[in-house]
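> sequence first, predicted coordinates after that:
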Amino acid sequence: MTAQFGTVFARRARMLALMGTALLLAAAAPPTFPDLVADYERFSADYPMEAGRSDPSRSRTGWPEESPAAMASRRAALAQIAAALDALDGQTLPDEDRLNRDYLRELIGWRIEGIDFDERRFAFVAHEGFYNTPYSLARGMDLRTEAEAVAWVERMRGIPDYFAAQRTNLERGVATGWTHPSVVIDVAVAVLRNQIAVPLADDPMLAPLKAYPTALTQAQGLIEREIRPAQRAMLAFIDGPYRTQARADLGVAAVPGGRAYYDFLLRYYTTTDLTAEQIHAMGLSEVKRIRSEMDTVIASTGFEGSFAEWLRFLRTDPRFYATSREGLIEKYAAASKRIDGVLPRYFSVLPRQPFTIVPVPRDLEEGYTTARGGGGGDFAKGFAGTFVVNTSHLDQRPLYEVPALSLHEAAPGHHTHFALNKENQALPSFRRAGDLLAFREGWALYAERLGHEMGVYRDAYERFGSLSTEMWRACRMVVDTGIHVMGWDYARARQCFEDNTALADINIDTELARYIGAPAGAVAYKVGELKIIELRGRAEQALGDRFDIRAFHDLILAQGQLPMTLLEQKVDGWIALQRLPR
């Protein structure tokens, strides 16, 4: 029995056991809510999912099964849990259990709907895709024993079969008209070429094995004989037959059933019932407001040229750019420590886990976003969180955006949020997962705005940098809906960023490829941020002098993650408690 087959067999056995347990419970006594939470958490341990897609870098063994048959089995298991949740009498549950029941039922509904759309036909979304999975897993590994090293080599043996399965999914996409446009394919091709070009001895998959020479030698041979050929074959397929079938329109509404799929993604990512048209209008309103604030900041500097001339000045003056990769990392480190100095004034609960700042790996940096935080790390095992910074193309990484990005990606944004989630063991795992974009990214964008109150932005240029990154997210609302529903072409989509932000050309193109390849997710940032701002305003108005900013922030982060409707319920309940006589 091969390692891959053994993994498949074990997973199917666990799935059958889960379904069998549900049937036995149904025949005996109705399951309790804790029973159903345990069932869902067992399911999630085998099939960690994000936005309806498996997150294989978190899978315990092997590589994910993502064939239609495997997804049908997952759907059946999810439907059983959903039916049991529907049968519960919510009125008999404690308040927190009732809230968790409502969220879990909604979450399962989204995941079933994603499976029904057969999302696996889109096996990659620009710089993110199955081809990065082995590398993501390797970078997060800390092998402590020879047996663990051997197990990683055995797991690597499954990579060619995993790639072959993803090719089958892509071929099904070609057959059904679900393909990406060329701009997304270009990024995938570039990533694969970069991975293949890495010298064998430097392949990141080997990094965890450096202390185990026997396993290292075996893995090198495996990469040379089996994995590199699989990567080359995938590159040839995506850049060849798949590219010839690329969809002509940028928007996902052009594929069969695409508008319904986009509407579903909006519901999932924003956790609201807002339509594409409503979100587009909200985006236009935010663009207008932010542009007005930008004009005020520009005027404060004494600059007398046009907005376009101001942007040209920011993009070309060397004072705003680091001169070395290490220098850029140091700027982020300095900003992060400056932020640390004022966090206790705004938060009474902060995580124990620190974070480190590292560059995006060289094989990923081309086409990778500017910065990303909150990933990796396990304090219990001795690992810090990571805040990764793209140190390529230094002439397009302006320093005036460093404070805003640090607030968003590190503290008090993603790192603070995710580290507290890990520490909050009182919450079920689906509340600690960090996969609800409206909550996760809404909080991080709120953290950027909070930087103004915190005094993080030291001058007009940094304040403008903050407004520029906020405008970036507002343009996302306009551009994403414009592309996927309103038929916008690339030039029109690009115009919002060119006319209203200081984003460099490379950042604009990277972001556009991301929005085109991964529809709807980009709009969730602003939707979530605006809801948190609304809830804070409601609390300030209701409580007056009794409003405590630290307690409000602690309340939001203590939720782990919730849909916006349920977060609103939580805040309203907290306001009512604060108003009680003391």
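Good, I have the coordinates. Residues are numbered from 1 along each chain as shown.

> what's near enough to touch residue 205?
134-135, 138, 156, 219, 223, 227 (CB atoms under 8 Å, 6 or more residues apart in numbering). Every C-beta, even on glycine, is put in place using the N, C-alpha and C of the backbone.

> now the element after the helix or strand bottoming out on mean pLDDT in the chain, going C-ward?
The helix or strand of the chain with the lowest confidence, counting by mean pLDDT, DSSP states H and E, is strand 53-54 at a mean of 42. The helix or strand immediately downstream of strand 53-54 is helix 68-87, counting by DSSP states H and E.

> buried set for that following helix?
70-71, 73-75, 77-78, 80-82, 84-85 (16 or more other CB atoms under 10 Å).

> check stretch 133-152 too.
Taking 16+ other CB under 10 Å as the criterion, stretch 133-152 shows 133-140, 143, 149-150, 152 as buried.

> domains of this protein?
By the record's domain assignment, the chain is partitioned as 3-116, 124-248, 262-527 (automatic domain parsing).

> looking at those, which is buried most?
domain 262-527 (a mean of 19; mean count of other CB atoms under 10 Å).

> tell me how far the ends of that domain are from each other?
16 Å (CA to CA, to the nearest Å).

> what do you get for stretch 231-243?
Stretch 231-243 end-to-end distance (CA to CA) = 16 Å.

> show residues contacting it.
131, 163, 166-167, 170, 174, 179, 182, 185, 188-189, 192-193, 195-196.

> so how far is residue 127 from residue 184?
10 Å (CB to CB, to the nearest Å).

> find residues that contact each of these two.
With CB under 8 Å, 6+ apart as the test, residue 184 and residue 127 both reach residue 513.

> pretty sure residue 372 belongs to a strand, no?
Yes - under DSSP: H, G, I helix; E, B strand; the rest coil, residue 372 falls within a strand.

> per-residue pLDDT, it?
pLDDT recorded at residue 372 is 90.

> residue 92 too?
On the pLDDT scale, residue 92 gets 89.

> for it, what are its contacts?
Contacts of residue 92 (CB under 8 Å, 6+ apart): none.

> distance of it from residue 342?
From residue 92 across to residue 342, the span is 46 Å (CB to CB).

> farthest-apart pair in the contacts of residue 205, please.
Greatest spacing in these, by CB to CB: 135 and 219 (13.4 Å).

> what number of residues lie near residue 546?
Here the count is done by other CB atoms under 10 Å, and residue 546 has 13 residues near it.

> any idea how far residue 64 is from the residue lying closest to residue 227 once chain neighbours are set aside?
Leaving aside its chain neighbours, residue 227 sits nearest to residue 159 (5.2 Å; criterion: CB to CB, 6 or more residues apart in numbering). Distance of residue 159 to residue 64, computed by CB to CB: 12 Å.

> repeat for residue 389
29 Å.

> same question, residue 223
21 Å.

> now residue 336
35 Å.

> same question for residue 152.
17 Å.

> just residue 309 next, same as before
From residue 309 to residue 64 the distance is 51 Å (CB to CB).

> same question for residue 354.
32 Å.

> am I right that residue 160 sits in a strand?
No - Residue 160 sits outside any strand when classified using three-state DSSP, being helix.

> quick one: the helices in the stretch 351-500 of the chain?
With DSSP state H, counting those that start in this stretch as the criterion, the stretch 351-500 of the chain has helices at 402-409, 414-423, 429-432, 437-454, 460-484, 490-500.

> show me what the third one is packed against.
Spelled out, it's helix 429-432. helix 33-46, helix 95-116, helix 414-423 (3 or more CB pairs under 8 Å, 6 or more residues apart in numbering; DSSP states H and E).
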